[in-house]
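Student: missing the sequence, but the structure's below:
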């Protein structure tokens, strides 16, 4: 995203400049709920180790539960933030052809232009990988299934890598599907979604999740049910308060 911002500012074009300004505001706005989502999942799993997160979701020999079933709303918010951070539709305001010609990359061509989009797709892959680790069980084959098929040595490594890669590819497909399906937001809608929607919701989930973690429950299923109730309660509250906010 910094490349988008600096590329827009440095090309000395008013359309690129406006694209850089939009990208700056978008980056600042959506980094906050994205960081809170990561913080909540670290709080949930009590670790920053990606392999331990995946292991806890597989249950380390017992039937575990994926993060998406504990925090379904958080998964939706994190995925939305990935799209916004990547400037992917419907959040591609920084490169809006209708009003900014091409936005931040208006003055770029050939390989310089290609580098921007190579970085965007690498960012998509990285975001999808983070989503898999925190919400889709990492290398776990199916939710509530403890054991992978009996393969030994290099076979189990390749199987886990293949499962993880398949999940990343499915998420990339969903990102492209959304681009083909949804129209672009207006810029005021994009900012309102972040500051009046996602940030208050993630803050509420963070506080309530802290209470659940403080109770230090041993049964994974009971903890998961409590997390799910927290998400449902916050969703109902947001749906009731949302229409009363200024448009």
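Tutor: Done, it's in. Predicted model only: the values in this text are computed from it and were never measured.

Student: all contacts plus neighbour counts: C-alpha atoms, from now on.
Tutor: Noted.

Student: Just the pLDDT at residue 63, thanks.
Tutor: At residue 63 the predicted local confidence, pLDDT, stands at 48.

Student: go on, the one 5 residues further on?
Tutor: The predicted local confidence for residue 68 comes out at a pLDDT of 89.

Student: before we move on, what about the one 5 residues further on?
Tutor: Predicted confidence (pLDDT) at residue 73: the value is 84.

Student: Kindly report the same for residue 219.
Tutor: Model confidence at residue 219 (pLDDT) stands at 57.

Student: and residue 23, how many neighbours?
Tutor: Residue 23 has 30 neighbouring residues, counting by other C-alpha atoms under 10 Å.

Student: same thing with residue 49?
Tutor: The number of residues packed near residue 49 is 12, by other C-alpha under 10 Å.

Student: mind checking how far it is from residue 35?
Tutor: In this view, residue 49 and residue 35 are 16 Å apart by C-alpha to C-alpha, to the nearest Å.

Student: Same check on residue 135?
Tutor: 15 Å.

Student: between these two, which one's more packed in?
Tutor: Set side by side, residue 135 and residue 35 show more neighbours around residue 135, with 24 against 13, by other C-alpha under 10 Å.

Student: Surely that one and residue 75 touch.
Tutor: Yes - with contact defined as C-alpha atoms under 8 Å, residue 135 counts as touching residue 75 (6.6 Å).

Student: Identify the contacts common to those two.
Tutor: Between them, residue 135 and residue 75 share these contacting residues under C-alpha atoms under 8 Å, 6 or more residues apart in numbering: residue 68.

Student: Report all helices and strands that the longest helix anywhere in the chain contacts.
Tutor: Ordering each helix of the chain by length in residues (DSSP state H) puts helix 14-45 first. On a contact count with 3 or more C-alpha pairs under 8 Å, 6 or more residues apart in numbering; DSSP states H and E, helix 14-45 meets helix 2-10, helix 72-85, helix 97-100, helix 187-192, helix 199-214.

Student: Which helix or strand lies directly C-terminal to that helix?
Tutor: Sequence-wise, the next helix or strand beyond helix 14-45 is helix 50-58, with elements assigned using DSSP states H and E.

Student: Output the contacting helices and strands for that next one.
Tutor: By 3+ C-alpha pairs under 8 Å, 6+ apart, helix 50-58 packs against helix 110-135.

Student: for the helix it packs on, the distance to its chain's centre please.
Tutor: For helix 110-135, the gap between its own C-alpha mean and the chain's C-alpha mean amounts to 12 Å (C-alpha atoms, centre = their mean, to the nearest Å).

Student: pLDDT weak spots in the protein?
Tutor: Judged against pLDDT under 70, the low-scoring parts of the chain cover residues 59-64, 98, 100, 142-152, 217-224, 237-247.

Student: ok so, going back, looking at the helices and strands packed on helix 14-45, which one is packed in the most?
Tutor: Relative to the other members of the helices and strands packed on helix 14-45, helix 72-85 carries the highest mean neighbour count by mean count of other C-alpha atoms under 10 Å, namely a mean of 21.
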